[in-house]
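1. Sharing a model prediction with you, sequence too.
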Amino acid sequence: MPLKPTLLIVDDEKHTREGLRVSFDDVFEVAVAGDMEGALAILQDDPTDVLLTDLKLGADDGMRLVDAALKLSHPPLCIMMTAYGTVDVAVEAMKRGAYDFVTKPVNLERLELLIKRGLRERETTRENRELRQQVDRKFGLENMIGASPAIHEVMNTIRQVAPSRATILILGESGTGKELAARAIHRLSSRASGRFVAVHCASLSPQLLESELFGHEKGSFTGATEKRIGRFEQATDGTLFLDEIGEIDLNTQVKILRVLGERTFERVGSNHTLKADVRLITATNKDLSKLVNEGKFREDLFFRLNVVQMTMPPLRTRKEDIPILVQTFLKESCRENGKPLKEMDASAISYLIEYEWPGNVRELRAAIEHGVVMSSGSHILPRDLPIQLRSSLSPAHAPLPPQDALNLRDTEHHLILRALEECRGNRSKAAQKLGISRRTLYRRLQQSGSSKN
């Protein structure tokens with residue numbers, strides 16, 4: 001039977017902490033403390049999953065307890081309990097690292113859901129961190145996978161712009177990895193210790209998007225039953241990534257323009273001005289210049305967003321990266337689906353290389369997972385790939401024979417020969433096309449016995 005998560009409840013009112021202990025005793029392994037000294041003793045003795053503390057601890061301050069807990073080698077998920085009149089202090093605690101806060105009297109059902117959600121998010125973050133550590137770090141940029149000239153150019157741009165304060169506009173088709181590039185910029189910037197907050201603008205109505213970005217006060221509009229902290233506020237000292245920026249309405253564009261110009265904003269329904277110390281990165285698959293000409297996007301905002309522009313290349317223009325991506329996604333998908341590590345049959349790889357990938361890297365990842373799930377053997381065959389991929393190609397576009405003995409080296413050799421054919425035997429041009437040195441090309445040809453001529 002799995003161990004229950006550990007929960008430390010800290011409140012100077014005995015009936016409150018004992019009431020919470022009884023309420024959560026069947027869900028968590030609960031410990032209680034009535035003051036900061038007792039809480040710190042428990043935290044230092046045993047790793048604790050969740051710290052639930054009142055803002056006021058007699059003569060002490062729950063904020064100080066949260067600060068001390070977050071400095072531990074294994075910091076707990078910190079949630080603050082506060083009275084309605086001290087919500088702003090709890091918000092300050094979130095800025096300093098607390099996960100969230102609840103107001104008294106505590107809604108037990110909501111609190112339990114909040115704790116479970118926080119634990120899930122923390123576990124997901126841990127798993128993602130471990131996954132990133134396993135990904136190829138050859139070029140010093142986590143998760144940016146490939147060896148093509150196109151992806152090298154992206155990596156070089158990221159290295160160049162990350163240390164700056166400049167606003168960045170990332171262009172590219174859906175599925176090319178625009179958010180991946182934004183995260184890489186954040187991790188290499190001076191704001192890496194702050195939060196990376198992503199908002200997908202197209203998924204929200206104008207009113208909801210405004211509330212999502214700037215927050216709102218309780219009662220500011222129908223359905224605003226409680227105060228909400230917006231994404232600009234959440235991303236303080238960090239990076240805010242606005243995906244599909246071309247979808248936002250003109251009214252919200254004006255407010256974003258003000259944030260970029262004055263570094264201030266107000267929550268919906270409030271006259272209180274807040275500072276916005278945020279690095280903004282935006283992305284779109286649309287032509288913003290065209291939208292400006294059509295009157296659908298403000299020209300002044302476009303200039304503000306377009307200080308530095310970079311473009312994510314579509315997968316069809318860097319097909320030499322496909323074998324590398326396949327190997328990475330295979331390991332990832334087999335692990336996530338509880339499958340033994342499989343190999344991609346060379347005939348299946350040839351389908352992947354010839355396909356045009358309208359959904360780009362995102363579609364490739366999904367196709368690999370489909371193959372992992374549908375394959376019944378140790379190799380993924382063409383029949384295991386998604387039907388839309390197979391049906392889009394004629395037999396003439398699958399030049400490699402379906403032999404189980406073929407492997408990634410055979411596919412690599414096939415790519416080299418095709419590059420040489422397209423470059424009419426010019427090895428320098430073929431090496432450049434493949435994103436490798438001429439010496440590496442010659443060595444690979446020697447290894448395959450094709451170095452004559």
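-> Looks like it came in fine.
2. Which neighbouring elements make contact with the helix or strand where residue 444 lies?
-> For residue 444, the element it lies in under DSSP states H and E is helix 438-447. If you count contacts as 3 or more CB pairs under 8 Å, 6 or more residues apart in numbering; DSSP states H and E, helix 438-447 packs onto helix 408-422, helix 427-434. Backbone N, C-alpha and C define where each C-beta goes, glycine included.
3. rank these by pLDDT, which is bottom?
-> Lowest mean pLDDT within the helices and strands packed on helix 438-447: helix 408-422, at a mean of 68.
4. can you give me the helices in the stretch 301-450 of the chain?
-> 322-336, 346-354, 360-374, 387-391, 408-422, 427-434, 438-447 (DSSP state H, counting those that start in this stretch).
5. Determine which stretch of those helices is the most buried.
-> Of the helices of the stretch 301-450 of the chain, the one with the most neighbours on average (mean count of other CB atoms under 10 Å) is helix 346-354, at a mean of 23.
6. for that one, what is the average pLDDT?
-> Per-residue scores along helix 346-354 average to 86.
7. Could you list the buried residues of the longest helix that the chain contains?
-> For the chain, the helix with the greatest residue count under DSSP state H is helix 108-134. By 16 or more other CB atoms under 10 Å, the buried positions in helix 108-134 come out as 111, 114, 115, 118, 119, 122.
8. ok and it relative to helix 322-336, angle-wise?
-> Using axes from the mean of the first three to the mean of the last three CA atoms, to 10 degrees, the direction of helix 108-134 lies 140 degrees away from that of helix 322-336.
9. which strands and helices sit next to helix 108-134?
-> helix 14-24, strand 50-54, strand 77-82, strand 100-103.
10. which residues touch the last one?
-> Which is strand 100-103. 79-84, 87, 90-91, 93-94, 110-111, 114, 118 (CB atoms under 8 Å, 6 or more residues apart in numbering).
11. and of those residues, the nearest to residue 34?
-> Checking the contacts of strand 100-103 against residue 34 by CB to CB gives residue 81 as the nearest, at 13.8 Å.
12. How about the contacts made by the residue nearest to the closest one when sequence neighbours are not counted?
-> Excluding the flanking residues, the one nearest residue 81 by CB to CB, 6 or more residues apart in numbering is residue 54, at 4.7 Å. Residue 54 is in contact with 10, 11, 12, 13, 16, 62, 80, 81, 82, counting by CB under 8 Å, 6+ apart.
13. Residue 419 touches residue 434, doesn't it?
-> Yes: using CB atoms under 8 Å, residue 419 is in contact with residue 434, at 5.3 Å.
14. one step back: can you put the helices and strands packed on helix 108-134 in TSV and add distance to residue 439?
-> Output for those, formatted as TSV (distance: least, CB to CB, whole Å):
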stretch	distance to residue 439
helix 14-24	64
strand 50-54	56
strand 77-82	52
strand 100-103	56
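15. Buried deepest among the ones you listed, which one?
-> When these are compared using mean count of other CB under 10 Å, strand 50-54 is most buried, at a mean of 26.
16. now the stretch 301-450 of the chain, which segments are flagged as low pLDDT?
-> 393-414, 435, 446-450 (pLDDT under 70).
17. sorry, that was for the stretch 51-200 of the chain
-> In the stretch 51-200 of the chain (pLDDT under 70), the answer is 84-87, 90, 128-142.
18. List phi and psi for the nearest residue to residue 226 once chain neighbours are set aside.
-> Excluding its sequence neighbours, the residue lying closest to residue 226 (CB to CB, 6+ apart) is residue 218, at 5.3 Å. Phi and psi for residue 218, reported as degrees, to the nearest 10, are phi -60, psi 130.
19. check contacts around residue 218.
-> Taking CB under 8 Å, 6+ apart, one finds 224, 225, 226, 227 in contact with residue 218.
20. so which helix or strand takes in the first one?
-> So that's residue 224. Per DSSP H and E: nothing holds residue 224, as it lies in no helix or strand.
21. again, but for the third one
-> Residue 226 is part of no helix or strand, with elements assigned from DSSP H and E.
22. Tell me the spacing between it and residue 422.
-> Using CB to CB, to the nearest Å, residue 226 is found at 62 Å from residue 422.
23. What is the three-state secondary structure of residue 236?
-> Put simply, residue 236 is coil when judged by DSSP: H, G, I helix; E, B strand; the rest coil.
24. Give me the neighbour count for it.
-> 17 (other CB atoms under 10 Å).
25. check contacts around it.
-> 95, 194, 276, 277, 278.
26. Give me the phi and psi for the last one.
-> Right, residue 278. phi -140, psi 140.
27. burial of it, as a residue count?
-> 24.
28. Show the pLDDT at residue 8.
-> Predicted confidence (pLDDT) for residue 8: 95.
29. Switch the helices of the stretch 301-450 of the chain over to JSON lines; also include distance to residue 73.
-> Converted to JSON lines, these look like this (distance: least, CB to CB, whole Å):
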{"stretch": "helix 322-336", "distance to residue 73": "27"}
{"stretch": "helix 346-354", "distance to residue 73": "44"}
{"stretch": "helix 360-374", "distance to residue 73": "34"}
{"stretch": "helix 387-391", "distance to residue 73": "47"}
{"stretch": "helix 408-422", "distance to residue 73": "41"}
{"stretch": "helix 427-434", "distance to residue 73": "46"}
{"stretch": "helix 438-447", "distance to residue 73": "44"}
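30. Of all the ones you listed, which one is nearest residue 184?
-> helix 360-374 (14.0 Å).
31. How is this structure partitioned into domains?
-> 6-129, 146-313, 316-447 (automatic domain parsing).
32. Residue 277 - that's part of a strand, no?
-> No: under three-state DSSP, residue 277 sits outside any strand and is assigned coil.
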